[in-house]
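# Just the structure for this:
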Amino acid sequence: MPKQIATAEEFDAEIKSGKVLVDLFATWCGPCKMLSPVIDQVEAEHPEVKFIKVDVDEVPAIAARYNVYSIPTILVFNDGEKVNEQIGFVPKPGIEKLIA
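Below you'll find the predicted structure:
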């Protein structure tokens, strides 16, 4: 299960190095709940990628920084630089394509 981020500082530390998939979500969001087990499955099969979650209601600064207006949104970072983005629910092959 992806680590849930509590602060913008923690987020910055987590994305600094390597490939990182960020799941921006909210607890009340239906599509986010559908996406969560798919991300868990991809995480289990891709140990080379770090997976983290950001609740946009708890850490709104991250959503604001990346102009996220719809959730779920997936952001992919490589050594701190955003390299990919997907808005809305995406099936497993789509998530795997994002991190490839």
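# For the residue nearest to residue 85 when sequence neighbours are not counted, list each beta-bridge partner.
Once flanking residues are discounted, residue 85 sits nearest to residue 75: 5.5 Å by Cβ to Cβ, 6 or more residues apart in numbering. Backbone N, C-alpha and C define where each C-beta goes, glycine included. Counting by DSSP bridges, residue 75 is bridged to residue 22, residue 85.
# OK, contacts around residue 75?
Residues counted as contacts of residue 75 (Cβ atoms under 8 Å, 6 or more residues apart in numbering) are 21-22, 24, 66, 68, 82, 84-85.
# and these, which are buried?
For these, a burial check counting by 16 or more other Cβ atoms under 10 Å picks out 21-22, 24, 68.
# out of those, who's nearest residue 94?
Residue 94 lies nearest to residue 21 out of those, by Cβ to Cβ, at 11.9 Å.
# give the contact list for the closest one.
2, 39, 42-43, 49-52, 74-76, 95, 98-99.
# Go through these and say which is closest to residue 17.
Using Cβ to Cβ, the contacts of residue 21 come closest to residue 17 at residue 50, 9.0 Å.
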